[in-house]
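Undergrad: Here is a sequence with its predicted model. Questions after.
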Amino acid sequence: MKKNILVVYYTQSGQLKAIADSIVGPLAGCNVVFHEIKMEEEFPFPWTGDSFFDSFPDSFQQRPHRLKPVPPEILEGDYDLVLFHYQVWFLSPSIPVTSFLKSDEGRKLLSGRPVVTVSGTRNMWILAQEKVKKLLKEAGADLVGNVALVDRAGNLVSVVTIVDWLFSGIKRKYLGIFPMPGVSEEDIRGAAEFGRIIQKHLEAGTLNSLQPELAANGAVRVSSFLLSVDQKGNAIFKKWAQIIEKRPAQRKFLLKLFNIYVILALYVVSPVVFVFHILTYPFWRRSFLKEKEYFQRV
Ligand SMILES: Cc1cc2nc3c(=O)[nH]c(=O)nc-3n(C[C@H](O)[C@H](O)[C@H](O)COP(=O)(O)O)c2cc1C
């Protein structure tokens, strides 16, 4: 019997749809149904500075927005596996993705089903995945696999290129000298290999042993530096989000301050932290290897 696969995704630039297409390429023998998450009120693309930072408090606090209904033929389908594609906004699942995971319809689609999460982010996805894990658990889903695709350029370079991409809406080599932004074409094409591995385990009924094989094939790379920035960033973002939400009258001003803070944190603080991180790495290498093993699992 043909297996039924539901592919859920949200994407502004089309990157996550390209990743989804690559992964389902080898699943030709299955019935594949796509569901694109649609907002009642769309987020802009390209972004402006104001709209970008205005999405921070709701992204980080995981406040859902209203979604367009899921078409009934998708809602009523019977699926053997859900491939759940998402992106990260401000170290958290994006607002459309959080909204889906918290919605009755989203939970109905996920409940009792095996799910593979697939993220396409700049590079900071680890703690967002923990938040997605929690929401999947609340929805009654069974997380069996995780693929995390990132921009492999250096941390500061990828900030420059992604800002150009998100604020122009055009995927290009910034100033003709920077690399292309986002997940590389090669990694998007290469994601087909993860599709083959998923199909093998789906057909064999061994989805419970899927993740070790995905991880062994490079589906999840964990960097000690990015993990530590993600952990510290989450603690600091939490404070900012609370301060901004508590003072609605000063929201605009506080978001401007937050904007300045983010730029300083990225370009002034993070290079210093990076050097400190490299120098002290031998002292906590062991604990990182344990953490790495944990974050490579589901
Ligand atoms: C508002 C906003 C915040 C973002 N924050 C992060 C982040 O914290 N970490 C990260 O790795 N990528 C971040 N990104 C990049 C996205 O995860 C994603 O890679 C990019 O927006 C392309 O996704 P798309 O498929 O929707 O076009 C952010 C993007 C946006 C628009």
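TA: Received it, and whenever you're ready, just let me know what you need. Residues are numbered from 1 along each chain as shown.

Undergrad: Check what pLDDT the closest residue in space to D80 that isn't next to it in sequence gets.
TA: Ranked by Cβ to Cβ, 6 or more residues apart in numbering and with sequence neighbours excluded, the top spatial neighbour of D80 is K3, at 4.4 Å. Using the backbone N, CA and C atoms, a C-beta is placed for each residue, glycine as well. Note on K3: pLDDT of 97.

Undergrad: Next, K3: phi, psi?
TA: Backbone torsions of K3, given as degrees, to the nearest 10, read phi -80, psi 150.

Undergrad: Distance check, it against the ligand.
TA: Going from K3 to the ligand by Cβ to the nearest ligand atom, to the nearest Å gives 26 Å.

Undergrad: residues near that residue, how many?
TA: Number of residues near K3 (other Cβ atoms under 10 Å) recorded here: 15.

Undergrad: Tell me how far it lies from W47.
TA: 38 Å (Cβ to Cβ, to the nearest Å).

Undergrad: what residues does the stretch 101-250 of the chain put near the ligand?
TA: Near the ligand, the residues belonging to the stretch 101-250 of the chain are 120-125, 162, 166 when assessed by Cβ under 6 Å from any ligand atom.

Undergrad: In strands, which of the residues you listed fall?
TA: Using DSSP state E, the subset of those located in strands is 120-121.

Undergrad: Next up, the contacts around the most centrally placed residue in the chain.
TA: Nearest to the geometric centre of the chain sits Q87, at 3.2 Å (Cα atoms, centre = their mean). Listed by Cβ atoms under 8 Å, 6 or more residues apart in numbering, the contact set of Q87 reads 10-11, 15-16, 93-94, 97, 119-121.

Undergrad: The stretch 1-150 of the chain: helices as residue ranges?
TA: Along the stretch 1-150 of the chain, counting by DSSP state H, counting those that start in this stretch, helices occupy 15-24, 49-54, 56-60, 72-75, 95-102, 104-110, 126-138.

Undergrad: quick one: is the first one near the ligand?
TA: Yes. Where contact is defined by Cβ under 6 Å from any ligand atom, part of helix 15-24 touches the ligand, namely 15-16.

Undergrad: Return the list of helices and strands in contact with the lengthiest helix in the chain.
TA: Across the chain, the helix with the greatest residue count (assigned by DSSP state H) is helix 270-296. Other elements packing on helix 270-296 under the criterion 3 or more Cβ pairs under 8 Å, 6 or more residues apart in numbering; DSSP states H and E are helix 155-168, helix 224-246.

Undergrad: Buried residues of the lowest-mean-pLDDT helix or strand in the chain, list them for me.
TA: Of the helices and strands making up the chain, the lowest-confidence element is helix 270-296, at a mean of 93, by mean pLDDT, DSSP states H and E. Buried residues in helix 270-296, counted by 16 or more other Cβ atoms under 10 Å: 270, 274, 288, 291-292, 295-296.

Undergrad: Equivalent analysis for stretch 110-123, please.
TA: Of the residues in stretch 110-123, those buried by neighbour count under the rule 16+ other Cβ under 10 Å are 110, 113-123.

Undergrad: Please state the offset of it from the chain centre?
TA: With Cα atoms, centre = their mean, to the nearest Å as the basis, stretch 110-123 stands 9 Å off its chain's centre.
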